[in-house]
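Student: A predicted structure for the sequence below; I have some questions about it.
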Amino acid sequence: MNFNPIANNYGTFTSNLIIEVVENGVTNTYSLPVTSEVSKGIGPQPYSLDFGQVVSTLSKTEKINLNNLHNWTIQFDDLLQLNSSPIFNIDDNIYDNILMNNPQNIEITFTPPVIGNYTDTLFIPYTIDGICQDTIMIELIGEGLPSSELTLTIPPQNINPALDRVEIPIYAQITNGNTNVPILNFDTLKVRMDKTTFYPENLSKGDIVSLSYPTPNEFELLLNIPNIQLSENSNQITSISVVPLLGERKNSLIEMSGAILSPNGVISTINYINSNVELEICEEGGERLLSNTLDIDLSFTLSNSLLQIFTSVIEAGINKIEVVDITGQILYQDEWVREFNGSNNYNFEYQTDKLTSGLYFIRFTTPHDVITKKLILTK
């Protein structure tokens, strides 16, 4: 039995082998199924590559995976240039490569210049065992969308420092281009503000990934905000819960930057409308800032020679408590690091039974302030 496949006709072929046998003068018919497969020897995945919708002038890269389906030696020839290049652009990294057991990948980048539908065909020529030549054809499909412009806004803030907590909202709006965008994730959004005006606690949606101090007077938050549906309307995407402080200045800024969104390629332009912050301050004799800050507290008790010191601080960083005599000599010292979102309160004990009567000082040093209180010891 011979099987002669038709040229360029690939796939699995089945048939039935009919056998007639004369047995004892009676003709019996038997049927035997037969199967044969014609393969190119290379299995590309996928045969049709659909890039989906990509914002005009942005790019999306996909890969075609080539696998050797048999134990043949397959050598690739030079890929034929695409008619639509550079809209569909190929990385011809397989030229003259030999495909054995390890798969080969071809990267193709789709960059629509304007709105519209785009198609092309990638031809991949190759030779099997140095004898048989053939070509794989991969269909390329993509659609260019109008670019979308995103505007992030923090409204002006008029803050009363006497409040325990304040919510600072962040709004997002598609202000130009395509408004039909998928749900997005803000993988990164940086927010910088004066560290003597606020101290951050958490987000109403998302997480504060980190807090750093890029300048002595400012801190910068790195935010992560998932699952945001943007539209042409201005909607609040999250709010920063902060503890208001008295501050070193009446007016300051809250600045946003560095937004990175996923999936990539949906938003081409991001605008930031930052916030002016004004503290509500009213004191006799005119407007001025107070010298103390609300985020620090120091108190103590003395009973039976036991000095108990109670501290409270919300700013992350290194803190130090000291007991000092009138000559400046440090009699007791303790230092600790307040972690971001850690405990606010720290207490200490010091025995004064060996001290003589006189004037002493309790000094509390925080990342941005120093508080000193007098201790009069009589025995």
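Tutor: Nice, I can see it. Numbers count the residues shown, from 1 in each chain.
Student: gap between the residue lying farthest from the centre of the chain and Tyr171?
Tutor: The centre of the chain is farthest from one residue, Gly25, which by Cα atoms, centre = their mean lies 83.1 Å away. Per Cβ to Cβ, to the nearest Å, Gly25 is found 96 Å from Tyr171. C-betas here are computed from N, CA, C, even on glycine.
Student: for Ile183, same thing?
Tutor: Taking Cβ to Cβ, one finds Ile183 at 17 Å from Tyr171.
Student: Which of the two has more residues huddled nearby?
Tutor: Legend: neighbour count by other Cβ atoms under 10 Å for Ile183 and Tyr171, higher for Tyr171 (17 against 11).
Student: hmm, who's touching the strand or helix carrying that one?
Tutor: Using DSSP states H and E, Tyr171 falls within strand 166-177. Contacts to strand 166-177, defined as Cβ atoms under 8 Å, 6 or more residues apart in numbering, come from residues 55, 146-155, 157, 159, 181, 189, 191, 198, 204, 228, 230-244, 254, 256, 268-269, 271, 275.
Student: tell me the angle the very next helix or strand once past that strand makes with strand 166-177.
Tutor: Next in sequence after strand 166-177, counting helices and strands by DSSP H and E, comes strand 184-194. Relative orientation of strand 184-194 versus strand 166-177 (axes from the mean of the first three to the mean of the last three Cα atoms, to 10 degrees): 130 degrees.
Student: how about strand 184-194: buried residues?
Tutor: 184, 186, 188-194 (16 or more other Cβ atoms under 10 Å).
Student: Could I get those residues in TSV, plus columns for distance to Tyr346?
Tutor: Below are those laid out as TSV (distance: Cβ to Cβ, whole Å):
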residue	distance to Tyr346
Leu184	41
Phe186	35
Thr188	33
Leu189	32
Lys190	30
Val191	28
Arg192	28
Met193	26
Asp194	25
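Student: where in the protein is pLDDT low?
Tutor: 1-11, 37-45, 69-71, 92-102, 246-249, 281-296, 315, 340-342, 368 (pLDDT under 70).
Student: quick one, domains of it?
Tutor: 42-145, 148-279, 296-377 (automatic domain parsing).
Student: can you redo these as CSV with distance to Thr29?
Tutor: Below are these laid out as CSV (distance: least, Cβ to Cβ, whole Å):
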stretch, distance to Thr29
domain 42-145, 36
domain 148-279, 62
domain 296-377, 84
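Student: tell me the centre residue of this protein?
Tutor: Short answer for the chain (Cα atoms, centre = their mean): Asp187, at 2.3 Å.
Student: my guess is that one meets Pro263, correct?
Tutor: No. Here Asp187 lies out of contact with Pro263, judged by Cβ atoms under 8 Å, at a distance of 10.3 Å.
Student: how close does the residue nearest to Glu201 when sequence neighbours are not counted sit to Phe186?
Tutor: Using Cβ to Cβ, 6 or more residues apart in numbering and skipping residues adjacent in sequence, the residue nearest Glu201 is Ser241, 4.5 Å away. Going from Ser241 to Phe186 by Cβ to Cβ gives 17 Å.
Student: And for Tyr30?
Tutor: 71 Å.
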